[in-house]
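J.: just coords:
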């Protein structure tokens, strides 16, 4: 009884009870069934589930600690075990009464030498938690039957206390996880969606419409367009804004850890599971779950995700307990999921579940008028993060940025600006050659049918005209802010070579020395 009282986990309490009773060699079997509750198609159902077992079998090939088999589950009111749970009254049987009224396998009972049985309900604070049953090879004295009733009451209180302790620990762990998550969010401050282009305004209008609802949203768009910012905005303008926003990069979750990542696991569920872990659905309870790169979820795991979305219930890996989570889902992908469904790589039912409200974010090249404001924002952001003075963004640099197609979209723009701030070292902004980070970044121009193909001489003539126009606009200045090299998006040394090759002069603005 002292050992049971000292245990702080339900599993340990249950093991201490049955193993302590089975320490006596005359005990054939000591078992505890606990009342279990779950939601199903018929509503809420309750039954008795075997939770702990120990004993001393004559048959060395049988394990008294097994928790499965024919007698692992009883409906409330079914058999003697079920009736003890319903009536709240203990049972004491001996001799032939054991075979006739209790044991469902009399042949096994006779082989093990069972002559007496006692069962008591586990009741704490007026609630029946389960049933404790003991089968013995000796008759129970009246004093032992009375002692078992006292022990059952003590055990029920210990189980209740252990559950309360586990709940406190779970709440503490969740609070620590949420604090850790909030600290990471503060380390990466959320920025508002920037831009005034018609394409972006359409997205903002759609966010305003769908955010207050509970509808699942599928955010579509190329990599780097800001799908995560849209998810932030949907959460911030929803009724769940005070709850957590939990993000999962589905492409980074290994297939073998999918269930653990999404649904959590209990200690010992698999190799390396040294402690309990809550899954992302549990963390997002009452808030929003953002599944980034949802198209990367393996087909084998999509059914498991669909079940949770439909029923709102899940089990941690290695745990029979059914848990519930109220989660608003926002998913994002740069894949064509409709095509993935057609190719059999994505479940159609999951696709329809996710895409109740599809929302497409335009690429940066479709909203070039937002580039100046975005570039200025990223300059200030990078300067603050690097603790440097914010350099000036010139008109020529803005025009150069606006001419580029940005295959990496807003993310690429942010990285280019940060690199330019680093290169400038707090002085003038030095834009690197756009596309150089990807190696040979070129655009393959394919003429349309019937389109006239320019000759090399014509291309040379156009290049000469473009350089002459840039020199004229720059007042003959080649390098530096506002120079022709900056306007053309090339290095000054490259432009000097072009000038010599084409026989062009700098123009009237060029000063002579002396």
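T.: Now that the structure is in, tell me what you want to look at. All values reported here derive from a predicted model rather than from experimental measurement.
J.: so where is the stretch 101-250 of the chain shaky, pLDDT-wise?
T.: Along the stretch 101-250 of the chain, the model assigns pLDDT under 70 to residues 101-104, 174, 176-191.
J.: can you show me the strands along it?
T.: With DSSP state E, counting those that start in this stretch, the ranges of strands along the stretch 101-250 of the chain come out as 116-124, 127-136, 217-220, 245-249.
J.: ok, the stretch 301-450 of the chain next?
T.: Ranges of strands in the stretch 301-450 of the chain, per DSSP E, counting those that start in this stretch, are 313-314, 323-324, 328-333, 357-360.
J.: returning to what we had before: closest one to residue 258 among the strands of the stretch 101-250 of the chain?
T.: Proximity to residue 258 (Cβ to Cβ) singles out strand 245-249 among the strands of the stretch 101-250 of the chain, at 10.3 Å. All C-beta atoms are positioned from the backbone trio N, CA, C, and that covers glycine.
J.: let me see the contact set for the spatially closest residue to residue 274 that is not a sequence neighbour.
T.: Leaving aside its chain neighbours, residue 274 sits nearest to residue 267 (6.6 Å; criterion: Cβ to Cβ, 6 or more residues apart in numbering). By Cβ atoms under 8 Å, 6 or more residues apart in numbering, the contact set of residue 267 is 273, 274, 275, 276.
J.: got phi/psi on residue 267?
T.: Backbone torsions for residue 267, taken as degrees, to the nearest 10, come to phi -60, psi 130.
J.: ok, now how distant is it from residue 277?
T.: To residue 277, residue 267 is 9 Å away according to Cβ to Cβ, to the nearest Å.
J.: what does residue 85 give?
T.: 32 Å.
J.: looking at those two, which is more packed in?
T.: residue 85 (27 against 19; other Cβ atoms under 10 Å).
J.: show the contacting residues for that one.
T.: Neighbour list for residue 85: 33, 35, 48, 74, 76, 77, 121, 128, 130, 131 [criterion: Cβ under 8 Å, 6+ apart].
J.: swap the cut-off to 10 Å and go again
T.: Going by Cβ atoms under 10 Å, 6 or more residues apart in numbering, residue 85 touches 33-35, 46-48, 74-78, 119, 121-123, 128-131.
J.: just put the strands of the stretch 101-250 of the chain in a markdown table and tack on mean neighbour count.
T.: As requested, the strands of the stretch 101-250 of the chain are exported to a markdown table (neighbours: other Cβ atoms under 10 Å):
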| stretch | mean neighbour count |
| --- | --- |
| strand 116-124 | 22 |
| strand 127-136 | 23 |
| strand 217-220 | 24 |
| strand 245-249 | 20 |
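J.: those: which one's closest to residue 24?
T.: Here strand 127-136 is closest among these (Cβ to Cβ), at 8.1 Å.
J.: what helices or strands is that closest one leaning on?
T.: Helices and strands touching strand 127-136, by 3 or more Cβ pairs under 10 Å, 6 or more residues apart in numbering; DSSP states H and E, are helix 10-22, strand 27-40, strand 43-55, helix 79-87, strand 91-94, strand 116-124, helix 142-187.
J.: repeat the analysis, applying 6 Å as the threshold.
T.: Packing partners of strand 127-136 (3 or more Cβ pairs under 6 Å, 6 or more residues apart in numbering; DSSP states H and E): strand 27-40, helix 79-87, strand 116-124, helix 142-187.
J.: and it, how far from the chain's centre?
T.: From the chain centre to the centre of strand 127-136 is a distance of 40 Å (Cα atoms, centre = their mean, to the nearest Å).
J.: tell me which strands it pairs with, and in which orientation.
T.: Sheet pairing of strand 127-136 (DSSP bridges) gives strand 27-40 (antiparallel), strand 116-124 (antiparallel).
J.: and these: which comes nearest residue 332?
T.: Nearest of these to residue 332, taken as Cβ to Cβ: strand 27-40 at 30.1 Å.
J.: that closest one vs helix 79-87, what angle?
T.: Strand 27-40 runs at 60 degrees relative to helix 79-87, counting by axes from the mean of the first three to the mean of the last three Cα atoms, to 10 degrees.
J.: quick check: mean pLDDT of strand 27-40?
T.: For strand 27-40, mean pLDDT rounds to 84.
J.: need the contact partners of it.
T.: Applying Cβ atoms under 6 Å, 6 or more residues apart in numbering, the external contacts of strand 27-40 come out as 14, 18, 21-22, 46-55, 64, 112, 114, 130-136, 322.
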